[in-house]
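S.K.: any chance you can model this:
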Amino acid sequence: MTTYVGAVDQGTTSTRFMIFDHAGQEVARHQLEHTQIMPKAGWVEHDPVEIWERTRSVIQTAMSKAGVTAADLAAVGITNQRETTVVWDRRTGRPYYNAIVWQDTRTDAIANRLEREGHGDLIRERTGLTPSPYFAGGKIKWLLENVDGLRAAAEAGDAIFGTTDSWLIWNLTGGTAGGSHITDVTNASRTMLMDLETCEWDTELLEVFDIPRSMLPEIKSSSEPEGYGTTDPQGPFGGDVALTGILGDQQAATVGQVCFAPGEAKNTYGTGNFMLLNTGTEPVRSKSGLLTTVAYRFGDEKPVYALEGSIAVTGSAVQWLRDQLGIISGASQSEALARQVEDNGGVYFVPAFSGLFAPYWRSDARGAIVGLSRYNTNAHVARATLEAICYQSRDVAEAMEADSGVKLEVLKVDGGVTANELCMQIQADVLGVEVSRPVVAETTCLGAAYAAGLAVGFWKDTDELRQNWAEAKRWSPEWDEEQRSSGYTKWKKAVERTLDWVDIED
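M.R.: Just a heads-up that it's a prediction; the model follows:
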């Protein structure tokens, strides 16, 4: 009996597998971190083989914990860190290079060159994105230009590209023995290579980037009744399971938060922050520094679009306090440390470690802590780190309101950082709106499970999914308007101090 739906969440710092029942409640999970490889300043890499091994392990462990077999799973969905780029040999299964992570800034010069050569407007119009090292297209181009023998292998049809969803699906469905080379519209929309209107690879953009079409996966819907293939019985599931859902992680959280109506928005707090606003079946072009992206496409229905505000560094700033500064031993300690002070003591921290994403798009920016005096302690720095998460989200929320005309009334939140209750209170204070956290905070995994389950009829429609959503906690603003305005003005001054720090050269 197929009682459950599973979901793999291949994230920036870890991979997890979760099993859900029909009520959308968690049955089991297992999660493992993987190595963050930083060979140079601004370079961030992962080992794709390690990611695949971690994926195998979390699937097997979670299923064992729950006593679940392949026969118990109606379907499995995949969600993933979106722009992270893997290129591998279809004959051997070996990557040609480490995965280049979405945070990596080595392709600054490529993005700069695209803009300077007059391709920026084409990219914005066709893809809804702005030329940036964030997206996968520049990463593929860099690999083709810098890895010996790769271009020849690509032109021969041996070297293939995928974001981590494609890498995992290829391995799960047999790998070198006929694995499926597939992605979905949400991940494809993050490459600078897909036409937003047609949801197909764009020939003119492939020529601009000089990328062979044969490298690219087939683009499918996010919830696919025909599926993307079944799992290899020799693989981690130990049997045949239908893979029927793929969503990039932020789109998966949008589905998990049941933001199915135009005007509904969510904010995910993870390694970075990502706010998405459902804009319906017509793409809305941003004039305020946001991205236009595909939110999801279910089966043969029209794609649904979103405006997105992408923030590179939020939860990873807390990790920086732990790993680089050593002022906390675990992420949860950031709340206790920050609570030792009543305010930030005049300290503002702009964690522009990978430049600034939305709404600034300044790859020349770098992180800065400003306003320090002898009075300040590590508690003020911890508090400023939490406030940085919230101020960056306000930057995006204001841009979203300017583009859409929709005023935020309540912000739905999810992701690991939402366990930090002080941070969520600060978010309500900084925005001046109520903040709502659902019972299932890991909505990224849940959204991938929903996409997979809808495809096979495990859930009949999105109305049934709405019935599963329940609020766990709500925070109301406590700051007055003067405190809110003063804090935001100082935040904007701090942002100015980060700009023009790095000279970007070809």
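S.K.: so which residues of the stretch 351-500 of the chain form helices?
M.R.: 378-404, 421-431, 443-456, 462-468, 481-497 (DSSP state H, counting those that start in this stretch).
S.K.: using CSV, write out every CA atom in the fourth one.
M.R.: Meaning helix 462-468. Taking C-alpha atoms only, helix 462-468 is exported to CSV below (Å, rounded to 0.1, in the frame of the first residue of the first chain):
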residue,chain,number,x,y,z
THR,A,462,-4.3,22.3,-4.4
ASP,A,463,-7.5,22.9,-2.3
GLU,A,464,-6.7,19.7,-0.5
LEU,A,465,-3.2,20.9,0.1
ARG,A,466,-4.5,24.2,1.6
GLN,A,467,-6.4,22.2,4.2
ASN,A,468,-3.1,20.8,5.4
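S.K.: so which bits of that helix are buried?
M.R.: 465, 468 (16 or more other CB atoms under 10 Å). Glycine gets a C-beta too; all of them are placed from N, C-alpha and C.
S.K.: and for the first one?
M.R.: Burial within helix 378-404, assessed by neighbour count using 16+ other CB under 10 Å, is assigned to 378-400, 403-404.
S.K.: adding distance to Asp503 and mean pLDDT as columns, could you present the helices of the stretch 351-500 of the chain in CSV?
M.R.: What follows is those, written out as CSV (distance: least, CB to CB, whole Å; pLDDT from 0 to 100):
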stretch, distance to Asp503, mean pLDDT
helix 378-404, 24, 94
helix 421-431, 33, 96
helix 443-456, 37, 95
helix 462-468, 49, 92
helix 481-497, 17, 96
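S.K.: nearest to Gly355, of those helices?
M.R.: Gly355 lies closest to helix 481-497 among those, at 11.9 Å (CB to CB).
S.K.: what's the closest one in contact with?
M.R.: For helix 481-497, contacts defined as CB atoms under 8 Å, 6 or more residues apart in numbering pick out 348-350, 356, 360, 368, 370-371, 387, 391, 394, 429-430, 432, 477, 479.
S.K.: that helix vs helix 378-404, what angle?
M.R.: 90 degrees (axes from the mean of the first three to the mean of the last three CA atoms, to 10 degrees).
S.K.: just the CA atoms of helix 481-497, as CSV, please.
M.R.: Extracted in CSV, the C-alpha atoms of helix 481-497 (Å, rounded to 0.1, in the frame of the first residue of the first chain):
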residue,chain,number,x,y,z
GLU,A,481,7.1,53.9,13.6
GLU,A,482,9.9,56.2,14.7
GLN,A,483,12.1,53.3,15.9
ARG,A,484,11.4,51.4,12.6
SER,A,485,12.2,54.4,10.4
SER,A,486,15.4,55.3,12.3
GLY,A,487,16.7,51.8,12.2
TYR,A,488,16.1,51.4,8.5
THR,A,489,17.7,54.7,7.6
LYS,A,490,20.9,53.6,9.4
TRP,A,491,20.8,50.2,7.7
LYS,A,492,20.7,51.9,4.3
LYS,A,493,23.8,54.0,5.3
ALA,A,494,25.5,50.8,6.3
VAL,A,495,24.8,49.3,2.9
GLU,A,496,26.4,52.2,1.2
ARG,A,497,29.6,51.5,3.1
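S.K.: list the buried residues of it.
M.R.: Neighbour-count burial for helix 481-497 [16+ other CB under 10 Å]: 484, 487-488, 490-491, 494-495, 497.
S.K.: just these now: which is nearest Trp102?
M.R.: Nearest to Trp102 among these is Val495, at 21.3 Å by CB to CB.
S.K.: returning to that earlier point: output the buried residues of helix 481-497 in JSON lines; the columns should cover distance to Leu168.
M.R.: What follows is the buried residues of helix 481-497, written out as JSON lines (distance: CB to CB, whole Å):
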{"residue": "Arg484", "distance to Leu168": "43"}
{"residue": "Gly487", "distance to Leu168": "42"}
{"residue": "Tyr488", "distance to Leu168": "41"}
{"residue": "Lys490", "distance to Leu168": "43"}
{"residue": "Trp491", "distance to Leu168": "38"}
{"residue": "Ala494", "distance to Leu168": "39"}
{"residue": "Val495", "distance to Leu168": "37"}
{"residue": "Arg497", "distance to Leu168": "41"}
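S.K.: ok, those residues vs Val44, which is closest?
M.R.: Among the buried residues of helix 481-497, Val495 lies closest to Val44 (CB to CB), at 22.2 Å.
S.K.: now do the contacts for the residue nearest to Gln427 when sequence neighbours are not counted.
M.R.: Among residues not flanking Gln427 along the chain, Cys390 sits closest, at 4.4 Å (CB to CB, 6 or more residues apart in numbering). If a contact means CB under 8 Å, 6+ apart, then Cys390 has 423, 426-427, 429-431 as its contacts.
S.K.: Cys390 and Met400, how far apart?
M.R.: 15 Å (CB to CB, to the nearest Å).
S.K.: tell me the pLDDT of the residue nearest to Ser14 when sequence neighbours are not counted.
M.R.: Excluding the flanking residues, the one nearest Ser14 by CB to CB, 6+ apart is Glu33, at 4.5 Å. On pLDDT, Glu33 comes in at 94.
S.K.: what's the burial count for Glu33?
M.R.: 10 (other CB atoms under 10 Å).
S.K.: in the contacts of helix 481-497, find the pair that's most separated.
M.R.: The distance between the two most remote of the contacts of helix 481-497 (CB to CB) is 27.3 Å, for Ala368 and Pro477.
S.K.: the stretch 201-350 of the chain: helices as residue ranges?
M.R.: Using DSSP H, counting those that start in this stretch, the helices of the stretch 201-350 of the chain run over 203-209, 249-256, 315-320, 333-338.
S.K.: columns mean pLDDT, mean neighbour count and distance to Gly178 on top of the ones you listed, output as JSON lines?
M.R.: Output for the helices of the stretch 201-350 of the chain, formatted as JSON lines (pLDDT from 0 to 100; neighbours: other CB atoms under 10 Å; distance: least, CB to CB, whole Å):
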{"stretch": "helix 203-209", "mean pLDDT": "96", "mean neighbour count": "15", "distance to Gly178": "26"}
{"stretch": "helix 249-256", "mean pLDDT": "94", "mean neighbour count": "31", "distance to Gly178": "27"}
{"stretch": "helix 315-320", "mean pLDDT": "92", "mean neighbour count": "22", "distance to Gly178": "37"}
{"stretch": "helix 333-338", "mean pLDDT": "94", "mean neighbour count": "20", "distance to Gly178": "47"}
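S.K.: okay then, goodbye and thanks.
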